[in-house]
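**Q** everything below, folded, please.
(chains A, B and C)
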Amino acid sequence: MLASILTLGGIGLFAAIALGIAAKKFAVEIDPRELAILEVLPGANCGACGLPGCGGYAKSIVDGSMAPNLCTPGGSETIEKIAHIMGVEAISTDPQVAVVCCQGDNAKASLKYQYLGLEDCNAAQKIADGPKNCPGGCLGLGSCVRACPFDAIEITTEGLAVINREKCTGCQKCIVTCPRSVIKMTPLSITTHVLCNSTDKGALVRKYCQVGCIACQICKKNAPESYQIENFLARVVYEAAEGAEAVVEKCPTKCIRDFSTGYPEGSSFCAVGPVKKPEQAA
Amino acid sequence: MNLKAMDLKTFKGGLHPPDGKEFSAHKAIEICPLPEELIIPLAQHIGAPAEACVEVGALVKKGTLIAKAKGFVSAPIHASTSGEVIAIEPRLHPMGKALPAIVIKPDGEDSWDESLIGANPDELNPDELKALIQAAGIVGMGGATFPTHVKLSPPADKQIDTLILNGVECEPFLTADHRMMLENTEQILDGIDILRKVLGIERAVIGIEANKPDAIEKMTKDAASRNIEVQALEVKYPQGAEKQLIDAITGRQVPSGTLPMEVGVVVQNVGTAAAISDAVRLGRPLVERVITSTGPGIKEPKNMLVRIGTPLQFLVDHCGGLNGEPAKIIMGGPMMGQTQLSLEPPAIRGTSGLLIFRKQDLPRLEAGPCIRCGRCIGACPIHLQPTTIAAYARLDLFDEAAEYHALDCIECGCCTYICPATLPLVQSIRYAKAAIMAKKRTL
Amino acid sequence: MDNQLYLSSSPHIHSGETTDKVMRKVIYALLPATALSIYFFGLPALSVLLICTLGCMGFEALSCKLMNKPLALADGSAALTGVLLALNMPPSSAWWLALFGAAIAILIGKQVYGGLGHNPFNPALVARVVLLISFPVQMTSWTAPAPLGSGLDAITAATPLGEMKTAVMLTGKLPELAHSGFLNYLTGNMAGCLGEVSALALLLGGLYLIAKRVISWHIPVSFIGTVVVIGGIFWAVSPEKYPNPIFHLLTGGLLLGAFFMATDMVTSPVTDKGMLIFGFGCGLLTVLIRLFGGYPEGVSFAILLMNAATPLIDRFCHPRIYGQAEAKA
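**A** Numbers count the residues shown, from 1 in each chain, chains lettered A, B, ... in the order given. The predicted structure follows:
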C-alpha cells in the first residue's frame, strides 16, 4: 500500500517538476497585447480581415503590419477594445452587411434550362452560363449558404438566396463564392436597396423577369439625389439615401425593397428597422 | 467471319453500356438537303478561333475560304455551300452561348469553288501534303477537333513509328464511322496512305470494335493489299479513347501528363483520314461530315452527310421530326456529349451525332451518399479513384484532388454511369480540374 | 417561359443500378439462410427477425426526423442492417434485447456518424458486440434446433465452438461434439445464432452476390482462405488440441461474416488490393481469437478491428494509374 502511494506520488512530483522546467525553458515569448487582442476578437476564423484566423490577425496588429479596424464581424465594440489595448484612436467604420441584389425566384424569373447535377451555383454556372435567363440573377443553389460561417443566409422554397441583416457580420465569404456577383456590401444603417443585378435593357429584362429593374427612371425622377441609373440598372446613392424609402411604392416592377418593411417573398426572416450609425470617435 | 477466332484485344477497366446502334447501324448514308441558312461559327476547333476574311454581302462558293486560322494551333474555315454571306454576328453556339458566326444563305446551286484543284499525293513531299491538310481546315473528326496539321508535326525528338486509325466508335448510338468504313472505304485507306507519307512511317493499324463485324470484314479485305493492319477489339467503353486504344493495340501506356507521341504513336479518326484524302486528291476543304441523328426522341434515325452549319432543327426535320416531347438534346454520344439549349445551334466540325432523349428515356437521378462500393474505381479506364477526387472537389480541397491525379481524368463518364448513389462524379471532377488548372495559371 | 429542356454534365445515361437495388440483392441472398433459421428455430426466430428489421427501420425514421434530414428508408440499408442483426442474435433472444440491438445498430452504429456511407464500423456488428458485452448471459443462451413440425421443445444447448472452447480450457483437448458431423453443419442442424447455422444456405447466398457482382470475390476468398490455411497449420501441428480447418469453415459465424458482414461496402476498403489485406487480417484475427482468446467466436471482433484499419489500408492501397510507371516526377 505504502509502496504504491510513494511510487505514484513520486512519478507525479517528477512529472510536475519536468513540466515546470520545460514551461520555463521552452516558453515562447508572446507579446501580452497579442493575447489580449485574441481574447477580444470573435474567434470565428472567418477570413474577413484577410487572414485565415484570428490568431494571425492579432499577431499582425501587434507587429503593425495590419490596421486594427478590419474585424467586421466584431463590430465597432471590438474595434474600440483593440484600439484601447494598442493605445490608439478607434477608427470605427459604418458596419456593412451583404445583400443579395435579386428577387427573381423561380416564380418570378424564367429559366434558361432545367438544371440537373451538383447543387452548387459555381458548378451550374459552368453549364451554358447558368440555368437562369437573367445573366446576373441569383441561381438559388446554395453555394453562399454553405460558405457563410454565421448561418446568416437561407434559400427560400422558390429558390432565392436571402441574407439576414442582423446575423450578417460582413465577412464577405458569400461574395467571394457567388459566381454571379449578385451579392453586394451595403451599409447596415440603410434599409432601402434596389434588388436587381441585370444590366440588360428594360425590354429584355421584362422578357425574363417580373421583378427586374427596367431603368424606367421613375425612382430617380421622384428622388433625384437618392438614386442613380447606370447601365440600365438603378441603385441607391448611400451617401444621400434619406429620400429613398419614399419612392419604393412608385417602382413599377417592385424591384426596390425597404428591409424595414420586410424581406423578399418566401423568406423566413422578420423585418428589422434601420440601425443607427455608430458615433464617430472624437 | 468468326470473330471469336480472331485475337480480340482490350484494356483494363471500362464497362459495357447498351449499344443503341440498332437504331441506325444498318442505314446507308443519305445526303442532307440544303437548309434555309447555314450558321458557321468561328470557333469550331481547339485553339484560337478563326478570323473572318469576308464581308457581309460577299458571294461565296462551296469551299471558299471565309475565315483565316489565327496562329499555328488553329484552323481556317470555309463556306459549306455556294451562296451569299448575309450576316457575321453572334449566334447560339453548341457551347451554350452566342458566339461570332458567319451566316450564309444558300443559292441552291451548291457549286464548288473552281479554284480548288486536286493533286496526286505521290508527287508531293510530306511538308506539301501537310500544308494542304492545314489549308483544308482538317481537324479531328472524332469530336476532339484538334487541328490535324499540329498533330502531324511532332517535335523532332519524338520518334513516331505507328499510326493508329480510330474506327472504334465506342459511344452508344453513334454509327457514322461504322457507315463510313463500309461506304467510304477507299477514301479512308487513301487517307491512311497519305498520313503514313506525312509521318514517314510504315505501320498503320485500324482499330475496330467487334460489334461491327461487317466493317471489320470490309476493311480487312480492302486493306490487305496495302500493308495496313486491322485489329478487332473487344466491345467495351471507352475503347475509342486515345489512351485506351493505344494500350489495347500496342500495349504501350502514354505517360501521365504527356501526349501519344511520347510513345511513338499518332491516332487519327477514320473520318479524318477520309477528309484528308478529299483534301489532297480533290482539293476540297472540310465543309461537310457524316452525322448520326438518332435516339428514341427522333422518328427516323439516320446517318446523313451534313454540311457544316446546318441547324440541328433541320436535321431533325429530315429525320421524320421529333418523336414526342424532347427532354435532352445531346450533341455527340450519351456518355460524353454536350446538352443543348435548343435545336437552334448548328452542326459543326466536331459534331459526330445528334441524340434526342424524351423524359422517359432519362435515368432516375436522386443523388444519395457515397456507399464506398468501389465500382467507380473498377470501371475507371485510367484506374483513378473518382469518388475520392469528387469528395475533395465538393469540399473545394483542390490540392488533395490534384494529388489523386484529377488531371489525368479523361471525363469518359464510366464512374458516373456505374455509381449506385447516382453521384455526379464527372461534374465534380471537371470542377476540380478547372480549379487546379486556374491555380496553375496564376502561379 | 421556362425552357423545359434538361441540361447537365455528361454522361446522360446510367446503368440503372441504384443503392436500394444493391441492398435488396443482399437481402435476397440472405433469404435461404433466413428461411432455414426459421425452420430450425421456429417462431422465436421469426419474432427476432421482425423486431430487428422493423426496429431498425423505425429508429432510422426517428433519427432522420430528429436530425431534420429527409427520410432515407427507401435506400433499404436500415432493413438490411435489421436482417443482418437478427442473424447475429441467438434464437431465444427476448424482444427487448432485439429492440435494444436495433437501436444501437442504427443510432450509435450509423446515424451518429452522419448516416449511410459515413460509419466506420459495421452497424450490425457494433450492436451485436455491445449486446454481447452488456448481456453476456442472454447473448450466449443457445437452443438446440427444433425443426418446425418435429414437435421438439426448445432446449438449451451449446454451440460447437462453445463446446470446443470449454473443453480445451478445461481439459486441453478437443471434445466429442454433440450434434457433430459435417452434414449437420452444412444444413444447419446445430445450435448457434440465427445466421450461423446452415453453411450451405450461406454459401449459396454468397455465391449469388458474387455472380450478380454486388460484392467482389476478394474479401470472402482471402478471409476464408486465411482461416482455413492458418487453422490448418495449427491443426497439422497439434490435431488433438486444435480443430481441423473444415470445422473452422462450417461452424460459427465465418461464412456469414465473410460473405455478408466483412463485405459491407461502407466499412471495407475500396480497392482490390486493400480488400485482400482486409480479408487476411479478418481471417488471422478470427483464428487467433477462436484458438487463444477468451471468446469462443472471433469473427465479430475480427471484422470490427479490421473496420478500424480500413482508412489506413485505403490510404496505402492506391491502384496504379494508367501511365504512372513511366510518369516524370
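**Q** okay, and the helix or strand of the chain with the least pLDDT?
**A** Picked chain A for this. Lowest mean confidence among the helices and strands of chain A (mean pLDDT, DSSP states H and E): helix A:75-86, at a mean of 82.
**Q** wait, chain C
**A** Result, chain C / mean pLDDT, DSSP H and E: helix C:182-187, a mean of 67.
**Q** the least confident helix or strand of chain A: what's the following helix or strand?
**A** strand A:96-100 (DSSP states H and E).
**Q** strand partners (parallel or antiparallel) of that following strand?
**A** strand A:183-187 (antiparallel) (DSSP bridges).
**Q** now the strand it pairs with, how far from the centre of its chain.
**A** When distances are taken as CA atoms, centre = their mean, to the nearest Å, strand A:183-187 is centred 8 Å away from the chain's centroid.
**Q** for stretch C:107-120, same thing?
**A** Between the mean C-alpha location of stretch C:107-120 and the chain-wide mean there is a distance of 17 Å, by CA atoms, centre = their mean.
**Q** and it, is it in reach of chain B?
**A** Yes. Counting by CB under 8 Å from any CB of the partner chain, chain B has neighbours in stretch C:107-120: C:G115, C:L116, C:G117, C:H118. Where you see a C-beta, it was placed from the backbone N, CA and C, and this is true even at glycine.
**Q** who wins on neighbours among the residues you listed?
**A** Among the residues of stretch C:107-120 next to chain B, C:L116 has the most neighbours (other CB atoms under 10 Å in any protein chain shown), with 25 neighbours.
**Q** give me the below-cutoff pLDDT ranges for the chain.
**A** Here I'm looking at chain A. For chain A, the stretches with pLDDT under 70 are A:92, A:272-282.
**Q** I was after chain C.
**A** For chain C, the ranges with pLDDT under 70 are C:147-155, C:175-189, C:325-329.
**Q** relative to chain A, how far out is C:V227?
**A** Taking CB to the nearest CB, to the nearest Å as the measure, C:V227 falls 44 Å from chain A.
**Q** backbone phi and psi for that residue, please?
**A** Torsion angles at C:V227 (phi, psi; degrees, to the nearest 10) stand at phi -60, psi -50.
**Q** CA atoms only for stretch A:245-258, dumped as CSV, please.
**A** Extracted as CSV, the C-alpha positions of stretch A:245-258 are listed here (Å, rounded to 0.1, in the frame of the first residue of the first chain):
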residue,chain,number,x,y,z
GLU,A,245,-37.9,54.9,-49.0
ALA,A,246,-40.5,57.3,-50.2
VAL,A,247,-40.3,56.1,-53.8
VAL,A,248,-40.4,52.4,-53.1
GLU,A,249,-44.2,52.3,-53.8
LYS,A,250,-43.7,54.0,-57.1
CYS,A,251,-41.4,51.4,-58.7
PRO,A,252,-43.5,49.6,-61.4
THR,A,253,-41.7,46.3,-61.1
LYS,A,254,-41.3,46.4,-57.3
CYS,A,255,-37.6,45.8,-57.5
ILE,A,256,-36.8,48.3,-54.8
ARG,A,257,-37.0,46.9,-51.3
ASP,A,258,-37.2,48.6,-47.9
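**Q** in it, what's buried?
**A** Of the residues in stretch A:245-258, A:E245, A:V247, A:V248, A:C251, A:T253, A:C255, A:I256, A:R257, A:D258 count as buried by neighbour count, 16 or more other CB atoms under 10 Å in any protein chain shown.
**Q** pull the most distant pair out of those residues.
**A** Pairwise distances across these (CB to CB) peak at 17.2 Å, for the pair A:E245 and A:T253.
**Q** so which residue is smack in the middle of the chain?
**A** If you meant another chain, say so; for now it's chain A. Centroid-nearest residue in chain A: A:G170, 3.3 Å away (criterion: CA atoms, centre = their mean).
**Q** sorry, should have said chain C
**A** With distances taken as CA atoms, centre = their mean, C:M261 lies nearest the centre of chain C, 2.8 Å away.
**Q** I'd say that residue and C:L125 touch.
**A** Yes. Here C:M261 reaches C:L125: they are 6.0 Å apart, a contact under CB atoms under 8 Å.
**Q** sorry, back to before: now the residues of stretch C:107-120 next to chain B in TSV, with secondary structure?
**A** Putting those into TSV (DSSP: H, G, I helix; E, B strand; the rest coil) gives the following:
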residue	secondary structure
C:G115	coil
C:L116	coil
C:G117	coil
C:H118	coil
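**Q** wait, which of those residues is closest to chain B?
**A** Chain B lies nearest to C:G117 out of the residues of stretch C:107-120 next to chain B, by CB to the nearest CB, at 3.6 Å.
**Q** ok, that closest one - contacts?
**A** By CB atoms under 8 Å, 6 or more residues apart in numbering or on different chains, the contact set of C:G117 is B:G368, B:P369, B:C370, B:I371, B:R372, B:A421, C:V266.
**Q** for burial, what's the neighbour tally of B:P334?
**A** Neighbours around B:P334, by other CB under 10 Å: 26.
**Q** typed the wrong thing, it's C:G257
**A** C:G257 - counted by other CB under 10 Å - has 31 other residues nearby.
**Q** wouldn't it be in contact with C:S300 here?
**A** Yes. Between C:G257 and C:S300 there is a contact under CB under 8 Å: 7.3 Å.
**Q** quick one: the residue in the stretch 151-282 of chain A positioned nearest to chain B from A:G74, how far?
**A** Relative to chain B, the nearest point of the stretch 151-282 of chain A is A:T177 (9.2 Å; CB to the nearest CB). Counting by CB to CB, to the nearest Å, the separation of A:T177 from A:G74 is 22 Å.
**Q** the two: who's more crowded?
**A** A:G74 (22 against 18).
**Q** distance of C:K69 from C:T166?
**A** With the distance defined as CB to CB, C:K69 ends up 47 Å from C:T166.
**Q** helices along the stretch 151-300 of chain C, start to end?
**A** C:160-171, C:182-187, C:199-211, C:218-237, C:245-250, C:254-256, C:272-292, C:299-316 (DSSP state H, counting those that start in this stretch).
**Q** among those, which comes closest to A:Y227?
**A** Ranking the helices of the stretch 151-300 of chain C by proximity to A:Y227 (CB to CB) places helix C:299-316 first, at 58.4 Å.
**Q** who are the packing partners of the closest one?
**A** Applying 3 or more CB pairs under 8 Å, 6 or more residues apart in numbering or on different chains; DSSP states H and E, we find helix C:299-316 packed against helix C:123-134, helix C:272-292.
**Q** could you list the residues in contact with that helix?
**A** By CB under 8 Å, 6+ apart, helix C:299-316 touches C:88, C:120-122, C:125-126, C:128-129, C:132, C:252-254, C:256-257, C:261-262, C:267-271, C:274, C:277-278, C:281-286, C:289, C:293, C:295.
**Q** quick one: buried ones out of those?
**A** Using 16+ other CB under 10 Å as the burial test, the contacts of helix C:299-316 include C:88, C:121-122, C:125-126, C:128-129, C:132, C:252-254, C:256-257, C:261-262, C:267-271, C:274, C:277-278, C:281-286, C:289, C:293, C:295 as buried.
**Q** got a list of what the residue of chain C found nearest chain A touches?
**A** Residue nearest to chain A within chain C: C:S8 (3.8 Å; CB to the nearest CB). Contact analysis of C:S8 by CB under 8 Å, 6+ apart lists A:Y115, A:L116, A:G117, A:I127, B:K328, B:T339, B:P424, B:Q427.
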